[in-house]
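Trainee: The amino acid sequence is not available; the structure is as follows:
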């Protein structure tokens, strides 16, 4: 179960918080994409991550995202695009 501290993030559902955490962990998902989808700036994402991850996991995530160019659209290479699965979806 995800923890919610008494902050502005209380307006998000448990499902929203789970998706925000998932997007934050993904290397190709920029903070701007999270802001566009959830209206949550980078500092808000950090607060959610801090409140919902174990301390060691939070520190690991912060080390990975600190200075990572793919997490910021302005720093991202134009070669980095949205992830598309290589497999075909079977039609039934």
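Mentor: Here it is on my side, so go on. It should be emphasised that the depicted structure is a prediction, and the values quoted were computed from it without experimental measurement.
Trainee: what's the spacing between residue 31 and residue 56?
Mentor: 22 Å (C-beta to C-beta, to the nearest Å). (C-beta placed from N, C-alpha, C; glycine too.)
Trainee: Then residue 41?
Mentor: The gap separating residue 41 from residue 56 is 25 Å, by C-beta to C-beta.
Trainee: Neighbour count for residue 31 and residue 56, which is higher?
Mentor: residue 31 (20 against 8; other C-beta atoms under 10 Å).
Trainee: so for stretch 28-37, what's the average pLDDT?
Mentor: When pLDDT is averaged along stretch 28-37, the result is 89.
Trainee: Next, the buried residues of that stretch.
Mentor: 29, 30, 31, 34 (16 or more other C-beta atoms under 10 Å).
Trainee: can you redo those residues as a markdown table with distance to residue 20?
Mentor: Formatted as a markdown table, the buried residues of stretch 28-37 follow (distance: C-beta to C-beta, whole Å):
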| residue | distance to residue 20 |
| --- | --- |
| 29 | 10 |
| 30 | 13 |
| 31 | 11 |
| 34 | 6 |
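Trainee: And the helices in this structure?
Mentor: Assigned by DSSP state H, the helices in the chain fall at 14-25, 31-38, 42-52, 55-65.
Trainee: what helices or strands is the first one leaning on?
Mentor: If I follow you right, that is helix 14-25. Helix 14-25 is packed against helix 31-38, helix 42-52, helix 55-65, with contacts defined by 3 or more C-beta pairs under 8 Å, 6 or more residues apart in numbering; DSSP states H and E.
Trainee: now, which of the buried residues of stretch 28-37 sits nearest residue 63?
Mentor: Among the buried residues of stretch 28-37, residue 31 lies closest to residue 63 (C-beta to C-beta), at 16.0 Å.
Trainee: So that closest one is in contact with residue 44, correct?
Mentor: No: Residue 31 is not in contact with residue 44 according to C-beta atoms under 8 Å; the separation is 9.6 Å.
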